[in-house]
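J.: need a structure here:
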Amino acid sequence: MVIANLISYILVLLGAVNWGLFGIFNFNLVSAIFMGPRSVGSIIVYSLITLAAIWLIISPIITNGMLKLRGDRVARETKNA
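T.: Next up is the predicted model:
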C-alpha cells in the first residue's frame with residue numbers, strides 16, 4: 001500500500017503542476033508531451049491522475065485515517081553473547 005500511496009502522490013503532484021502551468025501560462029504540459037489534449041496518451045495520463053486522486057481520498061478511510069508514505073520498520077536488537 002505504501003508504493004500505491006507514493007505513486008498516487010507523485011501523480012497528483014504532476015496534475016497540480018499541470019493545472020498551475022495551465023492557469024498561469026495557459027500551457028498544458030500533458031497536451032504538449034502527447035501532441036494534443038484528446039490524444040490517447042493524454043487521456044491515459046489524465047485518467048491515471050484522476051484514479052490517483054481518488055485513491056488518496058479513499059486510502060486514509062481504509063487505513064483508519066493514516067496515509068502511509070513510509071514502510072513500517074522494526075528495529076532489530078542484536079544480542080552480544
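J.: all contacts plus neighbour counts: C-alpha atoms, from now on.
T.: OK.
J.: let me know the pLDDT of L67.
T.: Predicted confidence (pLDDT) for L67: 77.
J.: next one: N5
T.: pLDDT for N5: 89.
J.: without its sequence neighbours, what residue ends up closest to it?
T.: Counting by C-alpha to C-alpha, 6 or more residues apart in numbering, N5 lies nearest to L69, which is 6.3 Å off, once chain neighbours are set aside.
J.: burial count for S8?
T.: The tally of other residues near S8 (other C-alpha atoms under 10 Å) stands at 21.
J.: confirm for me that the residue nearest to N5 is in contact with A4.
T.: No - using C-alpha atoms under 8 Å, L69 is not in contact with A4; the gap is 9.1 Å.
J.: where in this structure is pLDDT low?
T.: Flagging of the chain using pLDDT under 70 yields the residue ranges 72-81.
J.: show me where it has helices.
T.: 2-25, 29-33, 40-62 (DSSP state H).
J.: what does stretch 49-57 contact?
T.: Residues from elsewhere that reach stretch 49-57, judged by C-alpha atoms under 8 Å, 6 or more residues apart in numbering: N5, I7, S8, Y9, L11, V12, L14, G15, L67.
J.: same check on stretch 19-36?
T.: For stretch 19-36, contacts defined as C-alpha under 8 Å, 6+ apart pick out N18, P37, R38, S39, G41, S42, V45.
J.: end-to-end on it?
T.: End-to-end distance for stretch 19-36, by C-alpha to C-alpha, to the nearest Å: 16 Å.
J.: stretch 30-48 too?
T.: Start-to-end, stretch 30-48 (C-alpha to C-alpha) is 12 Å.
J.: again, but for stretch 26-37
T.: Across stretch 26-37, first to last residue, C-alpha to C-alpha, it's 13 Å.
J.: and it, how far out from the chain middle?
T.: On the basis of C-alpha atoms, centre = their mean, to the nearest Å, the separation between the geometric centre of stretch 26-37 and that of its chain is 19 Å.
J.: report the buried residues of it.
T.: With burial defined by 16 or more other C-alpha atoms under 10 Å, the residues of stretch 26-37 counted as buried are N28, L29, V30, S31, P37.
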